[in-house]
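K.L.:
Kindly return the folded structure for what I paste below:
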Amino acid sequence: MTTTTAPAPTEPRNDTPTVDSTRGTWRIVMAREVVVQALNKTFLVGLLVSVVIIAALAGFMAWQGNKTDSFTVAVPAGSPAATAAVETAAGIPEAQGGGAELTTLEVADDDAARAALTDGDADAWLHPAGDPADGWVLTGEADPDSTLTRLLTAGVADQTLTANAEAAGTTVAELTAGGGLTTDRLDGDAVDSQTLFFASFALALLFFIGVIGSGAMIAGSVVEEKQSRLVEIMATAVPLRQLLVGKILGSSVVAFAQNLVFAGVGLAALSFTPTASILPALSTSLVWFVLFFAVGFLGLAALYAVAGALASRAEDLQHTTTPMTMGVMGIYFLTFSASGTFETVLSYVPVANVVAMPVRVLSGDAAWWEPILSLLILAAFAAVAVLVSERAYRGALLQTGGRLSWKRALAVSS
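P.N.:
Alright, predicted model coming up:
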């Protein structure tokens, strides 16, 4: 007689991750996102190219600032007035901190002067006009250089004033006593408008490069995992909410580090240019920019992640990311060209305040509390963007079969 023993009952298997087992998995996702993006060849090449461009622009500015223009001016032989005018003009760049050198070439007559211009021995010819009342004439083979013209205009005026003062039995100092003019400004040591425009352009460009580059990588990563069905496997081990948080934070770390590199290279390069004197003010503005970018990019990264989730394949990304791209481009063009009241308004509008408020800090136009208030507004925007994006992300990520709309994605998740 055979006795059959019934198998012992087994515990029911449960592969569903518990809350405790998945808590903190966003850190793993974040670390993976940082490593993948940081080692991406496209990202590394783009980073290197951008650093080279920043350094090259700064090098060009340094070269322009230290460049010395040399001019040879033909003057009639035996004309001390012409020689004195050139010598006076030669001292103007040194007094103004510029770079220009003027030398004289004495010529015997008009034909010799024209030959010197034609042969390239002289850049211009300074000679008296036919009528003494008409003053002096500066002749060039073509139009005389504008810098040379400006310098010689001042030199001739100074020499003429000296000669007339001597003829009247007085001195230039007596004639011009009390006629000095100095400039002052109510806003203290604020940055001049040209430097301010350059700084606003640079910050807007940093914002544009950081958001477009890192945002595209987020969207591409999401749709790649979705198209390969890898996300369906990941979803069994990682809650979609934590998956999104990990992607946002990982991409934000990379974008933040990228902008720190750009800012550091830019500041180091500017230290060798004529604008080095504004580095303390510019450094403060850059600190605010980095803070604003770090907060604002959290919301933008969430929106880009949803753009990737709405697509079912890589070819759909151009359509789903277009609204984001257009918005970022609009902010880029508006912020570096804004001024006055419009700039003040933009400095409180998310995400335009990422650029507009640091520029106002640089210009000295913002009170101490304004950047703080603007940053709080941006943080509120980022929080709302992340919360709304989280719903749309959960609703769209596991949906296949074509592009989804935001409305559809939000409806599925509810």
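K.L.:
Paired strands for the helix or strand harbouring residue 71, with orientation please.
P.N.:
For residue 71, the host element (DSSP states H and E) is strand 69-76. Within its sheet, strand 69-76 is paired with strand 100-107 (parallel), strand 124-128 (parallel), according to DSSP bridges.
K.L.:
Now residue 122. Its backbone dihedrals?
P.N.:
Dihedral pair for residue 122: phi -140, psi 150, per degrees, to the nearest 10.
K.L.:
can you tell me how far it sits from residue 106?
P.N.:
10 Å (C-beta to C-beta, to the nearest Å). No exception for glycine: its C-beta is placed from N, CA and C like everyone else's.
K.L.:
Overlap in contacts, those two.
P.N.:
Residues touching both residue 122 and residue 106 by C-beta atoms under 8 Å, 6 or more residues apart in numbering: residue 74.
K.L.:
Of those two, give the one with the bigger neighbour count.
P.N.:
Set residue 122 next to residue 106 and count neighbours by other C-beta atoms under 10 Å: residue 122 wins out with 26 against 14.
K.L.:
pLDDT score assigned to that one?
P.N.:
As predicted, residue 122 sits at a pLDDT of 90.
K.L.:
buried ones in the strand holding residue 71?
P.N.:
By 16 or more other C-beta atoms under 10 Å, the buried positions in strand 69-76 come out as 71, 72, 73, 74, 75, 76.
K.L.:
low pLDDT regions in the protein?
P.N.:
1-23, 61-62, 64-67, 93-99, 183-191, 273-277, 414 (pLDDT under 70).
K.L.:
which outside residues touch the strand holding residue 71?
P.N.:
Counting by C-beta under 8 Å, 6+ apart, 82-83, 86, 99-107, 109, 113, 116-117, 121-128, 145, 147-148, 152 sit against strand 69-76.
K.L.:
try 6 Å
P.N.:
Strand 69-76 is contacted by residues 82-83, 86, 100-107, 113, 116, 122-127, 148 when judged by C-beta atoms under 6 Å, 6 or more residues apart in numbering.
K.L.:
got it, and stretch 194-213?
P.N.:
For stretch 194-213, the surrounding residues in contact (C-beta under 6 Å, 6+ apart) are 255, 258-259, 262, 275, 289, 300, 328, 332, 335-336, 354-355, 358-359, 362-363.
K.L.:
Ok, which of the strands paired with strand 69-76 comes nearest residue 157?
P.N.:
strand 124-128 (12.9 Å; C-beta to C-beta).
K.L.:
got the buried residues for that closest one?
P.N.:
Residues 124, 125, 126, 127 are the ones in strand 124-128 that count as buried (16+ other C-beta under 10 Å).
K.L.:
and the most centrally placed residue in the chain, how far is that from residue 54?
P.N.:
In the chain, the centroid-proximal residue (C-alpha atoms, centre = their mean) is residue 202; its distance is 1.6 Å. To residue 54, residue 202 is 9 Å away according to C-beta to C-beta.
K.L.:
and if you look at residue 386?
P.N.:
Distance, residue 386 to residue 54, by C-beta to C-beta: 31 Å.
K.L.:
next one: residue 303
P.N.:
Here the distance between residue 303 and residue 54 works out to 27 Å (C-beta to C-beta).
K.L.:
what's the answer for residue 297, then?
P.N.:
20 Å.
K.L.:
In terms of packing, which of the two has more residues around it?
P.N.:
Legend: neighbour count by other C-beta under 10 Å for residue 297 and residue 54, higher for residue 297 (26 against 22).
K.L.:
you'd agree that one is up against residue 253?
P.N.:
No: between residue 297 and residue 253 there is no contact under C-beta atoms under 6 Å: 10.0 Å.
K.L.:
Which strand or helix spans residue 393?
P.N.:
Here residue 393 sits within helix 369-396, counting by DSSP H and E.
K.L.:
Give the bridge partners for residue 104, please.
P.N.:
Beta bridges link residue 104 to residue 73, judged by DSSP bridges.
K.L.:
Surely residue 348 forms part of a helix?
P.N.:
No: secondary structure of residue 348 (DSSP: H, G, I helix; E, B strand; the rest coil): coil, not part of a helix.
K.L.:
which ones are touching it?
P.N.:
Applying C-beta under 6 Å, 6+ apart to residue 348 gives the contacts residue 374.
K.L.:
State which helix of this structure is the longest.
P.N.:
Counting residues, the longest helix in the chain under DSSP state H turns out to be helix 193-227.
K.L.:
Report the residue ranges of every domain in the chain.
P.N.:
Annotated domains of the chain cover 70-169, 190-413 [automatic domain parsing].
K.L.:
Relative to residue 29, which of those domains is closest?
P.N.:
domain 190-413 (2.5 Å).
K.L.:
circling back to that earlier point, let's see which of the contacts of stretch 194-213 end up in helices.
P.N.:
The helices, defined by DSSP H, take in 255, 258-259, 262, 289, 300, 328, 332, 335-336, 354-355, 358-359, 362-363 from the contacts of stretch 194-213.
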